[in-house]
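A.B. asks: Got a predicted model here, sequence first, then my questions.
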Amino acid sequence: MTLARELMTPADPISDDATVAEAARHLAASAAGVAPVCDSDGRLLGIVTDRDLVVEVAAAGKLSSETRLIDLVRGEVVSVSVDDNIEQVAATMRDYRTPRVPVLDGDRVVGMLSRSDIVRQIPDALVGAAGEEGRR
């Protein structure tokens, strides 16, 4: 069975003391559109997306150079373990209605997984068969 550690993209966390402007530059450089937010000990506090920055800061008229990233992080942090199998990861994403999750090794963030990472694991034969069924 495929494990999260085999599918994840390595994490590129952002420090919780960063400004939103710094986080925006970080996300632009990574081209991922999402990054985990960690404390100085590397523990996961949440995740931030490029959409969070637009909606919570730019659209609200806040200054990105003065808004702390930690102020955007709220709610329950949903994550998976490096040793979770693909079915467990997919169930977690479904149950929490989230398109991506941080991957932890102990209490340290080591990667990110998205729905598309999981979908890419579906054999072409099954995807083709599903497409054929939909056309009938």
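C.D. replies: Cool, the structure landed. Numbers count the residues shown, from 1 in each chain.

A.B. asks: tell me the contacts of residue 70?
C.D. replies: Residues in contact with residue 70, defined by C-beta atoms under 8 Å, 6 or more residues apart in numbering, are 16, 17, 37, 45. All C-beta spots, glycine's among them, are computed from the backbone N, C-alpha and C.

A.B. asks: Kindly report the same for residue 75.
C.D. replies: Contact partners of residue 75, counting by C-beta under 8 Å, 6+ apart, are residue 46.

A.B. asks: Okay, it and residue 32: tell me how far apart.
C.D. replies: Residue 75 is 20 Å from residue 32, where distance means C-beta to C-beta, to the nearest Å.

A.B. asks: go on, residue 39?
C.D. replies: Between residue 39 and residue 32 the distance is 20 Å, computed by C-beta to C-beta.

A.B. asks: more crowded one of the two?
C.D. replies: In this view residue 39 and residue 32 are compared by other C-beta atoms under 10 Å, and residue 32 has more residues nearby, 17 against 13.

A.B. asks: so that one sits right up against residue 13, yeah?
C.D. replies: No. With contacts defined as C-beta atoms under 8 Å, residue 32 does not count as touching residue 13, sitting 11.5 Å away.

A.B. asks: hmm, back to that, the contacts of residue 70: which two are farthest apart?
C.D. replies: 17 and 45 (10.8 Å; C-beta to C-beta).

A.B. asks: what about stretch 88-106, distance to the chain center?
C.D. replies: Chain-centre distance of stretch 88-106: 9 Å, with C-alpha atoms, centre = their mean, to the nearest Å.

A.B. asks: Dump the C-alpha coordinates for it into CSV.
C.D. replies: Taking Å, rounded to 0.1, in the frame of the first residue of the first chain, the C-alpha atoms of stretch 88-106 are listed here in CSV:
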residue,chain,number,x,y,z
GLN,A,88,-6.3,6.9,5.2
VAL,A,89,-5.1,10.2,3.7
ALA,A,90,-8.0,10.3,1.3
ALA,A,91,-10.5,9.6,4.1
THR,A,92,-9.0,12.4,6.2
MET,A,93,-9.3,14.8,3.3
ARG,A,94,-12.9,13.7,2.7
ASP,A,95,-13.9,13.8,6.3
TYR,A,96,-12.5,17.2,6.9
ARG,A,97,-13.4,18.5,3.4
THR,A,98,-9.9,19.8,2.8
PRO,A,99,-8.0,19.6,-0.6
ARG,A,100,-4.6,19.4,1.0
VAL,A,101,-3.0,18.3,4.3
PRO,A,102,0.4,18.7,5.9
VAL,A,103,2.3,15.5,6.5
LEU,A,104,4.0,15.0,9.9
ASP,A,105,6.9,12.9,11.0
GLY,A,106,6.2,12.9,14.8
